[in-house]
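In: this is the structure alone, sequence omitted:
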């Protein structure tokens, strides 16, 4: 699946072309120096998550439907903290880790222990277990985000970067 992220002034655009030729797209308000969905890409791709945001979109789910599904199935936000349905556990695991890497990008630096110190209480509050083998993958995730961020910062407004989702799966 091809993911094209286009830099905007107040929001960024995400255009998707799945392997079957179907398309989807959306705008996402700027939350920080790097698009939120790029963090999802590097976390989910490196961890082989077939049921995170990008895996679900690659399987044909509309991006907006992913959020609706999560809300209906027990997305553990401050307003909806409850035991999530099994089919969104990986989605929640990814979201909590994405939040940690976003925080790291805003702070300018962290280390693996800092990421885990943020992630573990996030997973607990979301009623999901830690991701298997995550500690060994943190450096690779960080490197992917750093490379993307350097290219993103160099882009002019309306410039685009393309990511290729290979459909990794961890089960």
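Out: Happy to help now that I have it. This one's a predicted model, so the numbers in the text were calculated from it and none came from an experiment.

In: who's in contact with the worst-scoring helix or strand of the chain on mean pLDDT?
Out: Here the helix or strand of the chain ranked lowest by mean pLDDT, DSSP states H and E is helix 63-72, holding a mean of 82. For helix 63-72, contacts defined as C-beta atoms under 8 Å, 6 or more residues apart in numbering pick out 14, 16, 24-26, 53, 56-57, 61, 80, 87-88, 91-92. Heads up, the C-betas are built off the backbone N, CA and C, glycines and all.

In: buried ones from those residues, can you make that a PyMOL selection?
Out: Selecting only the buried entries of the contacts of helix 63-72 in PyMOL, with 16 or more other C-beta atoms under 10 Å as the criterion:
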select buried, resi 14+16+24+53+56+57+88+91+92
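
In: show me the contacts for residue 109.
Out: Taking C-beta under 8 Å, 6+ apart, one finds nothing in contact with residue 109.

In: how much space between it and residue 134?
Out: Distance of residue 109 to residue 134, computed by C-beta to C-beta, to the nearest Å: 19 Å.

In: tell me which element the most centrally placed residue in the chain falls in.
Out: With distances taken as C-alpha atoms, centre = their mean, residue 40 lies nearest the centre of the chain, 1.4 Å away. If you go by DSSP states H and E, residue 40 is part of helix 36-46.

In: quick one on the thing from earlier: quick one: least confident of the contacts of helix 63-72?
Out: Of all the contacts of helix 63-72, residue 80 has the smallest pLDDT value, namely 54.

In: quick one, longest helix in this structure?
Out: Longest helix in the chain, counting residues (DSSP state H): helix 134-154.

In: what lines up beside the following helix or strand past that one in the sheet?
Out: Note on helix 134-154: by DSSP H and E, the next helix or strand toward the C-terminus is strand 160-164. With DSSP bridges as the test, strand 160-164 is paired with strand 2-6 (antiparallel).

In: contacts only, for residue 61.
Out: So residue 61 contacts residue 69 (C-beta under 8 Å, 6+ apart).

In: separation between it and residue 97?
Out: Counting by C-beta to C-beta - residue 61 and residue 97 are separated by 20 Å.

In: what helices or strands is the helix or strand following the helix holding residue 40 leaning on?
Out: Sequence order places helix 53-58 as the next helix or strand after helix 36-46, per DSSP H and E. In terms of contacts (3 or more C-beta pairs under 8 Å, 6 or more residues apart in numbering; DSSP states H and E), helix 53-58 is packed against helix 36-46, helix 63-72, helix 89-107.

In: let's see that with 7 Å instead.
Out: helix 36-46, helix 63-72 (3 or more C-beta pairs under 7 Å, 6 or more residues apart in numbering; DSSP states H and E).
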